[in-house]
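Visitor: A structural model of the following input is requested.
(one chain, ligands or ions: 1)
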Amino acid sequence: MALTRQTILSIPKSNIHRFGAWNNIPPTFRDLQWSIQPNEAWAIVSAGSAGKTALFQTLLGHLRISPSSKSETRSQYGLYPFLHPHDPYQRLSYVSFNHRSQASSGGAFVDFTARYGALRDEDKITLRQSMFPETIPEDFLIKEKVYHAASQQQRDEYINEEEIVKKEERNRRFEVLVDQLELRRLLDVPKIALSNGQTRRARILKAILSNPALLLLDEPLTGLDVHSRPILVDLLQSLHVVNAPHIVMGLRTQDSIPDWITHLAFVHEDSVLTGKKDAIQDIIDTRARDSGRQPTSSAANSTSHQDVQAAANPSYPAIPPEALLADLQNATIKYSDRVVLNNITWQIRAGEKWHLKGSNGSGKTTLLSILTGTHPLSFSIPHLKLLYPNRPRKQIPTPHLAAQVSLFSPELFDAFPRRHHHRPRRPSQHNNKDKWAFIDEPVGGRVWDIVGTGFDGVFVESGKYGDGKGVQGELSDEERAWRVRRVKEVLEALGPETVQDGPSPPNEGTVLAAQRTNASFGQEQFVSLSTAEQRIVLLMRAIVGRAPIVILDEVWSGMEEGMVRAVTQYFRRPATADIAVDSGAGGAFADHQAVIVVTHWEDEVPWGLEEGLKVFRLKEGGVGTVE
Ligand SMILES: Nc1ncnc2c1ncn2[C@@H]1O[C@H](COP(=O)(O)OP(=O)(O)OP(=O)(O)O)[C@@H](O)[C@H]1O
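Guide: As a prediction, the model looks like this:
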């Protein structure tokens, strides 16, 4: 198609490299050629998050396009002819639900339970105030000196924005969108208190209000309930057809593609296939059929593995079949006039598999935070008994509870500390500078250590062997040996040799896919892993300790296709395989464990109703029932 002033994006045949990488290093993408016209609606599709993210990074100018824009082959309008002559970076908005928030990138642990109390003053900023900083009362800003600086910056940004869009126009759009996205009744709720799905809708609203010409949305539907998904898809379409803004969205291969999408960019390894939807969809389907291979790891198939499966955690008393592990009766939680949990009664027994269901904001995370003891009100619920043998929550020290009710959740993923060392680098002839420079390098936190933090439910690695110190005192030799065996088992079950998904776009500093083994993976730095791999490591952390109650909240979102397959297969492996000597083919869960899965996608639940899966559903008004 000919390039015109209206063309939105144009990348003539190019290789895409990371900045700083030589041209003779394999590029992230080879021979990428792509143009987007205003009447086309594009989605970027890839099996995992890494490929999609790299393509979005290319659009954001974070990767190097070769030949460069100075070359004759490039358009006179650059990457975004449509935005010309505006600064593309002012008119471009990128919202990704694939990444952890900036908040945790500094390495400090962000207290994700703060939302339940909203005790700190800066946590009281409401959704409305976050969108309209000028509505934050002046006396609040003066009192909160630290926050003042941030708010002032937001205010300045707001004023700058005003140069682009008239205030009235922004307000008018806000009024319409806030209803369409069903956020009105949440406007005066502290922003930090919003549920996962509510936060996602609010971020999309904010991005639209910033009036971009091009809105890049990565996985906008992940984490949204079945009711909200079509609402968002319709809204995006209505904006897109008038090109205000033009939208490019990222989807997983397993997501259904909205009808109004006309073109697809399919990322596979280092190639990007672009074209009309049907043609590219055919290619994706064919590839999916061909690659329907099963994980081929020693953990899945071989019988040579000599480890005896490590069933029960020797640190805790043996749990008899069907023992009551959680007994919650008549629990109510409300915030001023909003009842989030209304008289909830729920009993969970050893060996049970639960699917906790409910629309966005129905109280799932709140309910689980009572079981994990992280909700401050978990102490004041009259009847809450946990673990085996059953004891009132008040009598269980919180660290013991954290070790025995293990958790994976999007909030934990965001908050998990990733440490970087800000280290000075000597001036040298290589960096061509006479000044000292600072480089950020990852420190500590090998995968092995991070998985090991799961035994004690803590967030910092501890213990000489990276297997924790034990919350009940010094570990015995038997306990230590059990822990080491367990870390090996989960690495074996979910490490890169088992989870074969094709190589991700090469990241500088990471070990090449071909050289990786499940064992070597344990020695890699957690912070250098891709987002999807970090997820799988935190999943290993949640299951390593064979905690009596395992909570898996939105585990599959953000994982690569092959990972979803391997994890599901591992979860489905019968618990009885657990005691099989020298098979290495143990199940992810032993008979004495209860597992609670939270997902809005039915097909992600590893077990069916016919296999004994139980369903607990939360409804509007905070009512909860066993289905
Ligand atoms: N301080 C507060 N004031 C008012 N409402 C609050 C407060 N804290 C939490 N809420 C509300 O409690 C509800 C429960 O949120 P929760 O995170 O438990 O929902 P969820 O079912 O996990 O949702 P999602 O599917 O989006 O993750 C939300 O509607 C939230 O807005």
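Visitor: going forward, measure contacts and count neighbours with C-alpha atoms only.
Guide: Noted.
Visitor: tell me where the model's unsure across the stretch 101-250 of the chain.
Guide: The model of the stretch 101-250 of the chain has pLDDT under 70 over residues 101-123, 138-166.
Visitor: what does it put close to the ligand?
Guide: Residues of the stretch 101-250 of the chain lying near the ligand by C-alpha under 6 Å from any ligand atom: Y116, V189, A193, L194, S195, N196, G197, Q198.
Visitor: export these to CSV and append columns for secondary structure and neighbour count.
Guide: Formatted as CSV, those follow (DSSP: H, G, I helix; E, B strand; the rest coil; neighbours: other C-alpha atoms under 10 Å):
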residue, secondary structure, neighbour count
Y116, helix, 17
V189, coil, 17
A193, helix, 22
L194, coil, 20
S195, coil, 17
N196, helix, 17
G197, helix, 18
Q198, helix, 20
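Visitor: out of these, which comes closest to F379?
Guide: When those are compared for distance to F379 (C-alpha to C-alpha), Y116 wins out at 13.2 Å.
Visitor: would you reformat the residues of the stretch 101-250 of the chain next to the ligand as JSON lines and include distance to W22?
Guide: Listed next are these as JSON lines, based on distance: C-alpha to C-alpha, whole Å:
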{"residue": "Y116", "distance to W22": "49"}
{"residue": "V189", "distance to W22": "50"}
{"residue": "A193", "distance to W22": "46"}
{"residue": "L194", "distance to W22": "45"}
{"residue": "S195", "distance to W22": "44"}
{"residue": "N196", "distance to W22": "40"}
{"residue": "G197", "distance to W22": "41"}
{"residue": "Q198", "distance to W22": "43"}
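Visitor: from the residues you listed, pick the one nearest W601.
Guide: Once C-alpha to C-alpha is applied, the member of those that ends up nearest W601 is G197, at 13.3 Å.
Visitor: for the stretch 451-600 of the chain, which segments count as helices?
Guide: Here the stretch 451-600 of the chain has its helices, by DSSP state H, counting those that start in this stretch, at 477-494, 518-521, 531-543, 561-572.
Visitor: re the thing from before, and the residues of the stretch 101-250 of the chain next to the ligand, which two are furthest apart?
Guide: Top of the distance list for these (C-alpha to C-alpha): Y116 and G197, 16.1 Å.
Visitor: what about Q281, which SS state?
Guide: Using DSSP: H, G, I helix; E, B strand; the rest coil, the structure places Q281 in helix.
Visitor: can you get me a residue count around it?
Guide: 19 (other C-alpha atoms under 10 Å).
Visitor: next: V176.
Guide: 10.
Visitor: can I get the helix or strand harbouring V267 as PDB, trimmed to CA atoms?
Guide: Element membership for V267, per DSSP states H and E: strand 263-268. Extracted C-alpha coordinates of strand 263-268, given in PDB (Å, rounded to 0.1, in the frame of the first residue of the first chain):
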ATOM      1  CA  HIS A 263      -5.400  -7.200  10.400                       C
ATOM      2  CA  LEU A 264      -3.000  -9.200  12.600                       C
ATOM      3  CA  ALA A 265       0.700  -9.000  13.300                       C
ATOM      4  CA  PHE A 266       1.700 -12.500  14.500                       C
ATOM      5  CA  VAL A 267       5.000 -12.600  16.400                       C
ATOM      6  CA  HIS A 268       6.800 -15.900  16.200                       C
END
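Visitor: for it, give the mean pLDDT please.
Guide: In this model, strand 263-268 carries a mean pLDDT of 93.
Visitor: point out the most buried one among the helices of the stretch 451-600 of the chain.
Guide: Burial of these is given as mean neighbour count (mean count of other C-alpha atoms under 10 Å); helix 531-543 ranks first at a mean of 23.
Visitor: helices or strands up against it?
Guide: Here helix 531-543 touches helix 49-59, strand 405-408, helix 447-456, helix 477-494, going by 3 or more C-alpha pairs under 8 Å, 6 or more residues apart in numbering; DSSP states H and E.
Visitor: from the rest of the structure, what touches that helix?
Guide: 48-50, 98-99, 406-408, 413, 447, 450-455, 490-491, 494, 526-527, 550, 555, 558-560, 563, 588-589 (C-alpha atoms under 8 Å, 6 or more residues apart in numbering).
Visitor: what's the burial count for the closest residue to N15 other than its chain neighbours?
Guide: Excluding its sequence neighbours, the residue lying closest to N15 (C-alpha to C-alpha, 6 or more residues apart in numbering) is R30, at 4.7 Å. R30: 17 surrounding residues under other C-alpha under 10 Å.
Visitor: and R30, what helix or strand is that in?
Guide: strand 29-36.
Visitor: quick one: buried residues of that strand?
Guide: Under the neighbour-count criterion of 16 or more other C-alpha atoms under 10 Å, strand 29-36 has F29, R30, D31, L32, W34, S35, I36 buried.
Visitor: now the first one, nearest residue through space, not along the chain?
Guide: Distances taken as C-alpha to C-alpha, 6+ apart put D270 closest to F29, at 4.4 Å, once the chain neighbours are dropped.
Visitor: phi, psi of the one you found?
Guide: With angles defined as degrees, to the nearest 10, D270 sits at phi -100, psi 20.
Visitor: check the gap between it and the ligand for me.
Guide: Distance from D270 to the ligand, counting by C-alpha to the nearest ligand atom, to the nearest Å: 34 Å.
Visitor: from the buried residues of strand 29-36, pick the one nearest the ligand.
Guide: Nearest to the ligand among these is I36, at 33.2 Å by C-alpha to the nearest ligand atom.
Visitor: so what's that closest one up against?
Guide: I36 touches T7, I8, L9, S10, W42, counting by C-alpha under 8 Å, 6+ apart.
Visitor: and for the residue nearest to E560 when sequence neighbours are not counted, the neighbour number?
Guide: In space, E560 comes closest to G48 once its chain neighbours are excluded; the distance is 3.6 Å by C-alpha to C-alpha, 6+ apart. Using other C-alpha under 10 Å, the number of residues around G48 comes to 26.
Visitor: tell me the pLDDT at G48?
Guide: For G48, pLDDT reads 75.
Visitor: you'd agree the residue nearest to N15 is up against H268?
Guide: No: R30 lies out of contact with H268 (C-alpha atoms under 8 Å); the separation is 10.8 Å.
Visitor: still on that earlier bit, just checking, the residue nearest to F29 touches R30?
Guide: Yes: D270 is within contact range of R30, at 5.8 Å (criterion: C-alpha under 8 Å).
Visitor: follow-up on the earlier one: tell me which of the helices and strands packed on helix 531-543 lies nearest to the ligand.
Guide: So among those, strand 405-408 is nearest, using C-alpha to the nearest ligand atom, at 13.0 Å.
Visitor: next up, phi/psi of A318, please.
Guide: According to degrees, to the nearest 10, A318 has phi -60, psi 140.
Visitor: that one: how many residues sit nearby?
Guide: A318: 13 neighbours (other C-alpha under 10 Å).
Visitor: what sits against it?
Guide: So A318 contacts A312 (C-alpha under 8 Å, 6+ apart).
Visitor: show me what the helix or strand where R200 lies is packed up against.
Guide: Secondary structure from DSSP H and E places R200 in helix 196-209. With contacts taken as 3+ C-alpha pairs under 8 Å, 6+ apart, helix 196-209 sits against strand 92-96, helix 167-180.
Visitor: what ranges do the strands span in the stretch 1-150 of the chain?
Guide: In the stretch 1-150 of the chain, the strands defined using DSSP state E, counting those that start in this stretch lie at 9-18, 29-36, 42-46, 63-66, 92-96.
Visitor: can you check the stretch 501-627 of the chain too?
Guide: Taking DSSP E, counting those that start in this stretch as the criterion, the stretch 501-627 of the chain carries its strands at 549-553, 594-598, 614-618, 624-626.
Visitor: turn these into JSON lines, including mean pLDDT, mean neighbour count and distance to the ligand.
Guide: Shown next, in JSON lines, are the strands of the stretch 501-627 of the chain (pLDDT from 0 to 100; neighbours: other C-alpha atoms under 10 Å; distance: least, C-alpha to the nearest ligand atom, whole Å):
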{"stretch": "strand 549-553", "mean pLDDT": "94", "mean neighbour count": "24", "distance to the ligand": "9"}
{"stretch": "strand 594-598", "mean pLDDT": "96", "mean neighbour count": "22", "distance to the ligand": "9"}
{"stretch": "strand 614-618", "mean pLDDT": "96", "mean neighbour count": "19", "distance to the ligand": "8"}
{"stretch": "strand 624-626", "mean pLDDT": "92", "mean neighbour count": "16", "distance to the ligand": "11"}
